[in-house]
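*Asks:* Below is the structure, and that's it, no one-letter string:
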Ligand code: SME
């Protein structure tokens, strides 16, 4: 996959006029889901800093029960606290993990910063073990820099 091209495609989606934030983010989720075969669930969570929870935003993939995740819980909740990307090669080896489905084998969660504040994250699950590389990480971190511009 050419991540440069993919990033440009994502940027055009984020610039589309007449679409609100939700629609743009859903478009980005769909683009990633359709473009990268091992991205099996792609979604955004957003932080409610007062309640210290993450709330599910736009996503593409199987429906999930985890619409509210407390800070600190699971991979997503840990990223809400750590402000750092969390790349998991094997979810079964994680103690603090929230399983959405037994088909998920690996996961990457990348924080989304707006004006230095961690406002949420992009979360991607894969049915393939150790699916995500340093290239995926770099791509998703660059993507979130672009996503930040619509906030
Ligand atoms: N696996 C995540 C929960 C969210 S679902 O993957 C959509 C976690 O451990 O935080």
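*Replies:* That came in fine, so what should we check first? From a predicted model like this one, the values you see are computed outputs, not experimental measurements. Numbers count the residues shown, from 1 in each chain.

*Asks:* how about the one residue in the chain that gets nearest to the ligand, what does it touch?
*Replies:* Closest residue of the chain to the ligand, C-beta to the nearest ligand atom: residue 74 (2.6 Å). To be clear about C-beta, it is placed using only N, CA and C from the backbone, and glycine gets the same treatment. Residue 74 sits next to 66, 96-98 when contact means C-beta atoms under 8 Å, 6 or more residues apart in numbering.

*Asks:* switch to 10 Å and redo it
*Replies:* Residue 74 makes contacts with 54, 66, 80, 86, 91, 94, 96-100, 107, 109, 123, as judged by C-beta atoms under 10 Å, 6 or more residues apart in numbering.

*Asks:* For residue 135, give me the backbone phi and psi.
*Replies:* Dihedral angles of residue 135 (phi, psi; degrees, to the nearest 10) stand at phi -70, psi -40.

*Asks:* Leaving out sequence neighbours, find the closest residue to it.
*Replies:* In space, and not counting its chain neighbours, residue 135 is closest to residue 3: 6.4 Å by C-beta to C-beta, 6 or more residues apart in numbering.

*Asks:* Hmm, residue 140 and the one you found touching each other?
*Replies:* Yes - with contact defined as C-beta atoms under 10 Å, residue 3 counts as touching residue 140 (9.3 Å).

*Asks:* How much space separates residue 21 from residue 52?
*Replies:* From residue 21 across to residue 52, the span is 23 Å (C-beta to C-beta, to the nearest Å).

*Asks:* What parts of the chain come near the ligand?
*Replies:* Residues of the chain lying close to the ligand (C-beta under 6 Å from any ligand atom) are 41, 64, 66, 69, 74-77, 97-98, 100, 107, 123, 125.

*Asks:* do that again at 8 Å, thanks
*Replies:* With C-beta under 8 Å from any ligand atom as the criterion, the chain comes near the ligand at residues 41, 43, 45, 56, 59, 61, 64, 66, 69, 73-78, 91, 94, 96-100, 104, 107, 109, 123, 125.
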